[in-house]
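In: Task: produce atomic coordinates for the following.
(one chain, ligands or ions: 2)
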Amino acid sequence: MPTELSVNLNAVAMLRNRRDLPWPSVTGLGRIALEAGAHGLTVHPRPDQRHIRFSDLPEIRRLIDTEFPGAEFNIEGYPTPEFLELVRAARPEQVTLVPDDPSQPTSDHGWDFVAEAAFLKPIVTALKGEGARVSLFADPEPEAMTAAAATGCDRVELYTGPYGATHGDADAAAREIERLGRAADAALATGLGINAGHDLTVANLPALVARIPHLAEVSIGHGLTADALEHGMAETVRRFRRACGQSV
Ligand SMILES: CC(=O)[C@@H](O)[C@H](O)COP(=O)(O)O
Ligand SMILES: NCC(=O)COP(=O)(O)O
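Out: Ligands and ions are numbered 1, 2, ... in the order given. As a prediction, the model looks like this:
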């Protein structure tokens, strides 16, 4: 099975939040992503709602239910009672639990599965009972995968931030790919499925997919949104020039 792509809408929401206007539309861009063949949509609502607002969740749920049945809604976040209430209402197909502190600018590490086992197990069980697949954000450490599987989760999402940060350094990238690959091998051996994400791009994705052929899903937001801006800019400038009355 080829690796599925889930489009993370956080960056679109961040642009939307610059003004009290409804564009760029989070559900509108989500629709374009799904029409283009994305497998699903990812959001990571943070407690301060700095990008995804809690009110976006029911709208994305409605978009998928009414126009794209079968698409996957993936909600990521730290499992506070408030987050778990949002998840219950939005009925995502997948929940990705991330050990983020509210003050973190972005996600930068996976769970300590041994230290957090007693906290995670009942939450994983409850979410699975509500019908969601549960994935846990994980550093690429092969020796941690047995403890990850013991939580009862379905998948781990391998944190690819350090791999993304190696751009331009082929040796460092090869080392990170091998670390991710060995963690994926260990996860597979325990029966876990494998997702991956953070700072993935068109440039760094092919080597990851080649090393981890069983990679089920990647979720990508920042790099994908940057790519959309770069590749959409020329056509948009032509549209605005026409709107100025220029012949283009
Ligand atoms: C779990 C993960 O790596 C991403 O969801 C990341 O947390 C994106 O969040 P931000 O868009 O807030 O940086
Ligand atoms: N789950 C990881 C994810 O959604 C990645 O987001 P980004 O780093 O590509 O913005």
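In: check contacts around residue 154.
Out: 128, 133, 134, 135, 192, 193 (Cβ atoms under 8 Å, 6 or more residues apart in numbering). (C-beta placed from N, C-alpha, C; glycine too.)
In: Swap in 6 Å and give it another go.
Out: For residue 154, the contacting residues are 133, 134, 193, by Cβ atoms under 6 Å, 6 or more residues apart in numbering.
In: which residues touch the last one?
Out: Each residue near residue 193 by Cβ under 6 Å, 6+ apart is listed here: 154, 155, 216.
In: Now distance to ligand 2 and secondary structure too, for those, in TSV please.
Out: Shown next, in TSV, are the contacts of residue 193 (distance: Cβ to the nearest ligand atom, whole Å; DSSP: H, G, I helix; E, B strand; the rest coil):
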residue	distance to ligand 2	secondary structure
154	15	coil
155	12	strand
216	13	strand
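In: Could I get those in a markdown table, plus columns for distance to ligand 1 and pLDDT?
Out: Below are the contacts of residue 193 laid out as a markdown table (distance: Cβ to the nearest ligand atom, whole Å; pLDDT from 0 to 100):
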| residue | distance to ligand 1 | pLDDT |
| --- | --- | --- |
| 154 | 16 | 98 |
| 155 | 13 | 98 |
| 216 | 16 | 98 |
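In: bridging residues for the residue most central in space within the chain?
Out: The C-alpha lying nearest the average C-alpha coordinate of the chain belongs to residue 219 (Cα atoms, centre = their mean; 3.5 Å). Under the criterion DSSP bridges, residue 219 forms beta bridges with residue 6, residue 197.
In: wait, it sits on residue 42?
Out: Yes: if you go by Cβ atoms under 6 Å, residue 219 and residue 42 touch, sitting 4.1 Å apart.
In: re the thing from before, out of the contacts of residue 154, which one sits closest to residue 98?
Out: Among these, residue 134 lies closest to residue 98 (Cβ to Cβ), at 12.0 Å.
In: Return the distance of the longest helix seen in the chain from the chain's centre.
Out: Longest among the helix segments of the chain by residue count, using DSSP state H, is helix 222-243. Helix 222-243 has its average C-alpha position 23 Å from the chain's average C-alpha position, going by Cα atoms, centre = their mean, to the nearest Å.
In: Need the contact partners of that helix.
Out: Against helix 222-243 from outside (Cβ under 6 Å, 6+ apart): 11, 200, 201, 248.
In: if you set the cut-off to 8 Å instead, what comes out?
Out: So helix 222-243 is contacted by 7, 8, 10, 11, 12, 164, 199, 200, 201, 202, 248 (Cβ under 8 Å, 6+ apart).
In: And the helices in the chain?
Out: 10-16, 26-35, 56-67, 81-90, 117-129, 145-150, 161-164, 170-189, 205-211, 222-243.
In: Now this protein against ligand 2: closest residue?
Out: When scored by Cβ to the nearest ligand atom, the chain has residue 197 as its residue closest to ligand 2, at 2.6 Å.
In: What's the local residue count around that residue?
Out: 26 (other Cβ atoms under 10 Å).
In: Go ahead and confirm it touches residue 219.
Out: Yes: taking Cβ atoms under 8 Å as the definition, residue 197 is a contact partner of residue 219 at 4.3 Å.
In: I'd like to know how far residue 117 sits from residue 70.
Out: 34 Å (Cβ to Cβ, to the nearest Å).
In: the more surrounded of these two?
Out: Under the neighbour definition other Cβ under 10 Å, residue 117 and residue 70 were set side by side, and residue 117 has more, 14 against 9.
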